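Trainee: Have a look at this prediction, sequence included:
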Amino acid sequence: MCKFPGGGGTRVHENHVHGGTRVTGTLFGYRKTRVNIAIQETPRSLPILVLELAIPTAKLLQDLGVGLVRIALECEKRPSERTTKIVDEPIWALYCNGKKSGYGVKRQPTEEDLVVMQMLHAVSMGAGVLPVNSGGGGEGDLTYMRAHFERVIGSRDSETYYMMNPDGNSGPELSIFFVRV
């Protein structure tokens with residue numbers, strides 16, 4: 001079970017996780033397709049990480065509207081690959097709020113991903129619907145949510161991204177945990 005850390009040098013204070021690095025995170029996808037998450041150093045930079053999660057976009061956005069969402073991505077340790085950064089692993093078992101939800105896959109940004117990032121380059125945080133052509137096989141509207149995340153590296157086998165609530169209330173609404181077990 002994943003819990004928000006309370007102590008150990010990582011704590012939330014005044015809308016900031018101490019020991020963390022601020023990055024921009026964007027959740028996006030067509031309502032009936034899998035959600036994508038892009039992590040960027042700034043809203044104008046290329047994504048440093050793109051994940052496709054086996055959770056429908058509409059379901060994740062609905063869960064976020066109700067309350068806290070914790071996503072845990074687990075992969076196995078392989079003794080021969082000690083130098084691989086955890087976010088460079090290609091595939092993870094996916095748990096959403098403690099329930100096994102399929103897999104998460106790291107992938108290279110597609111042309112459509114880069115178009116979405118370009119359309120959102122001036123947005124530092126917010127949510128909405130983007131006007132896009134349905135040529136990418138998507139159904140309906142492409143929805144997005146963009147926010148600041150605090151990136152905390154616990155060890156070479158754990159890394160966490162906390163979506164920071166812009167109104168400063170009691171910590172993150174979304175936490176993404178990468179764990180090598």
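Mentor: Sure thing, it's come through. Remember, predicted model here, so these are calculated numbers, not experimental data.
Trainee: Which of the helices or strands spans Leu60?
Mentor: Counting by DSSP states H and E, the element that carries Leu60 is helix 57-66.
Trainee: contacting residues around that helix?
Mentor: 27-35, 53, 69, 96-97, 127, 143, 145, 173-174 (Cβ atoms under 8 Å, 6 or more residues apart in numbering). Just so you know, the C-beta spots here come from the backbone N, C-alpha and C atoms, and that holds for glycine as well.
Trainee: Adjacent strands (with direction) for the next helix or strand after that helix?
Mentor: Downstream of helix 57-66, the first helix or strand assigned by DSSP H and E is strand 69-75. Take DSSP bridges as the rule and strand 69-75 pairs in its sheet with strand 91-96 (antiparallel), strand 174-180 (parallel).
Trainee: among the ones you listed, which is nearest Leu114?
Mentor: strand 174-180 (21.6 Å; Cβ to Cβ).
Trainee: got the angle between that closest one and helix 57-66?
Mentor: Angle, strand 174-180 to helix 57-66, by axes from the mean of the first three to the mean of the last three Cα atoms, to 10 degrees: 120 degrees.
Trainee: got the buried residues for the helix or strand of the chain with the lowest mean pLDDT?
Mentor: Scoring the helices and strands of the chain by mean pLDDT, DSSP states H and E places helix 57-66 at the bottom, with a mean of 89. Neighbour counts using 16 or more other Cβ atoms under 10 Å place Thr57, Ala58, Leu60, Leu61, Asp63, Leu64 of helix 57-66 among the buried residues.
Trainee: do stretch 19-37 as well
Mentor: Here stretch 19-37 shows 20, 23-31, 33-37 as buried, counting by 16+ other Cβ under 10 Å.
Trainee: before we move on, what about stretch 107-127?
Mentor: Across stretch 107-127, burial judged by 16+ other Cβ under 10 Å covers Pro109, Glu112, Asp113, Val115, Val116, Met117, Leu120.
Trainee: same deal with stretch 37-47?
Mentor: Neighbour counts using 16+ other Cβ under 10 Å place Ile37, Ala38, Ile39, Gln40, Pro43, Pro47 of stretch 37-47 among the buried residues.
Trainee: Spatially, which two of those residues are the most separated?
Mentor: Greatest spatial distance in these: Ile37 and Pro43, 14.6 Å, computed using Cβ to Cβ.
Trainee: Now Cys96. Nearest residue, chain neighbours left out?
Mentor: Excluding the flanking residues, the one nearest Cys96 by Cβ to Cβ, 6 or more residues apart in numbering is Ile71, at 5.5 Å.
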